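J.: curious how this folds, go ahead:
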Amino acid sequence: MSSESAGRLDGKVAVITGGASGIGEATARLFASEGARVLIADRNAERGPEIASEIGADARFVETDVRNGGDVQGMFAAADDAWGRIDIIYNNAGVGPPEGNVRDCDEKTFDLVYDVNIRGVWLGMKYGIPHLERAGGGSIIATASVAGLTGLAGMAAYCASKGAVIAMVRAAAGEWASSGIRVNCICPGGIATGQGWLPAERIEASRRAWASLHPVGRSGEAGDIANAALFLASDASSYVTGQQIVVDGGWTGPDARYDTMRGVDWSQL
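T.: Here you go, the predicted model:
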C-alpha cells in the first residue's frame, strides 16, 4: 500500500469485544478498512464468524464471554497467535436490560449489568495490558455512556456501571501512561443499535424516539461511535489519555430548558 493510501491503523492489531453487532461490528469493519487486523470477540457464535468472513483474511472471531477471565485470556491469546502482537483493545461489550427503579430492580439484573459492564472492562484491561506492554504500548478504549455522566431514572445500575467505567479509565490511564499505554472511553448518547438484542423494527422505532431527544435532531448511529474509536485507536490521539470522549448529539451539552426560561415573566414571580 502506498503512503498516499495508507490506512490510519496500518500494521496494528485490534481486539474488539461485543464485535458481532452494533457499535462493535461497525468498529471492526472500520478498523479493518483502515488497515488493522481485527479479532472479533462476542458471545454470538452465529453472527460473529459471518462478520469476520465478510471482512476477510485480516479478521478472526473468537466466542467470548467477557465475564469469564479464561475466555478473555483466550481471546487475547488467539489474536497473539494469529498476528504476533496486540496494539488496540476496545472493551466495548455491554448490556442495558430493563431495570425499573432501585427498589424494583432484581439482584440478578443488577449482577448482570455489573458483571458485563464493569468486570468485563476490568478483565479486558487486566489480561490485555501485558500484550500491549510487549508491543511497546498501545491504546485501550472502553464504551461508557452519557448515563455515567448524568442520572437516568429507571437505569440506576446501568448509570452506576458506566460511571465506574469512566473512573476506572482515569485510574488506569495514570497507571500505564509511562508504559506508552493510553486508556480512554467513549460516552455515547442514544444510539440506534439495540445492543444486539432488539429486532429490526424496534431499532427503527428507537431511532425515531432518540431523534426527538437530541439537540442535533437525529439518533446516534453505530458509525458515529466507531469514528470516535478510530481516533482513539490511531496515532492522531497520541496525546490523549484518561479522557471520556462524549459523542452524544448534544445530549449533555446545551440545556433545552433555557428556551422555556426565556418565556417566563420574571416580574410576576
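
J.: are we agreed that residue 97 is in a strand?
T.: No: according to DSSP: H, G, I helix; E, B strand; the rest coil, residue 97 belongs to no strand; its state is coil.

J.: check it and give its pLDDT.
T.: At residue 97, the model reports a pLDDT of 93.

J.: I'd say it and residue 114 touch.
T.: No: under the criterion of Cβ atoms under 8 Å, residue 97 is not in contact with residue 114, lying 12.0 Å apart. Where you see a C-beta, it was placed from the backbone N, CA and C, and this is true even at glycine.

J.: more crowded one of the two?
T.: Neighbours were counted for residue 97 and for residue 114 using other Cβ atoms under 10 Å; residue 114 has more, 18 against 15.

J.: would you confirm that the more buried one contacts residue 161?
T.: Yes: counting by Cβ under 8 Å, residue 114 does reach residue 161; the two are 5.7 Å apart.

J.: show me where the stretch 101-250 of the chain dips below the pLDDT cut-off.
T.: Of all residues in the stretch 101-250 of the chain, those with pLDDT under 70 make up the ranges 194-201.

J.: strands of that one, start to end?
T.: Remark: strands assigned in the stretch 101-250 of the chain by DSSP state E, counting those that start in this stretch are 138-143, 181-188, 244-247.

J.: okay, now residue 145: neighbour count?
T.: So residue 145, with other Cβ under 10 Å, has 29 neighbours.

J.: do residue 208 as well
T.: 11.

J.: got it, and residue 124?
T.: There are 26 residues near residue 124, going by other Cβ under 10 Å.

J.: same deal with the one 4 residues further on?
T.: Other residues near residue 128 come to 24 when the count uses other Cβ under 10 Å.

J.: try residue 169
T.: Residue 169, neighbours per other Cβ under 10 Å, totals 25.

J.: spit out the contact partners of it.
T.: Residue 169 sits next to 140, 142, 144, 183-185, 242-244 when contact means Cβ atoms under 8 Å, 6 or more residues apart in numbering.

J.: at which residues are the helices of the stretch 151-269 of the chain located?
T.: 156-176, 200-211, 222-233, 257-262 (DSSP state H, counting those that start in this stretch).

J.: could you do the stretch 1-150 of the chain as well?
T.: Under DSSP H, counting those that start in this stretch, the stretch 1-150 of the chain gives helices at 22-33, 47-55, 69-83, 107-114, 120-134.

J.: now those helices as TSV including distance to residue 206?
T.: Shown next, in TSV, are the helices of the stretch 1-150 of the chain (distance: least, Cβ to Cβ, whole Å):
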stretch	distance to residue 206
helix 22-33	12
helix 47-55	19
helix 69-83	29
helix 107-114	19
helix 120-134	23
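
J.: closest one to residue 12 among the ones you listed?
T.: helix 22-33 (8.2 Å; Cβ to Cβ).

J.: about what we covered before: which of the helices of the stretch 151-269 of the chain is buried the deepest?
T.: helix 222-233 (a mean of 21; mean count of other Cβ atoms under 10 Å).

J.: what's that helix packed up against?
T.: helix 22-33, strand 88-91, strand 138-143, strand 181-188, strand 244-247 (3 or more Cβ pairs under 8 Å, 6 or more residues apart in numbering; DSSP states H and E).

J.: can you tell me which of those is packed in deepest?
T.: Using mean count of other Cβ under 10 Å, strand 88-91 ranks as the most buried of these, with a mean of 29.

J.: chain center to it: distance?
T.: Its chain's average C-alpha position is 9 Å from that of strand 88-91, according to Cα atoms, centre = their mean, to the nearest Å.

J.: ok, residues contacting that strand?
T.: 9, 12-17, 24, 27, 31, 36, 66, 120-121, 124-125, 128, 131-132, 138-143, 229, 233.

J.: many thanks, we can stop here.
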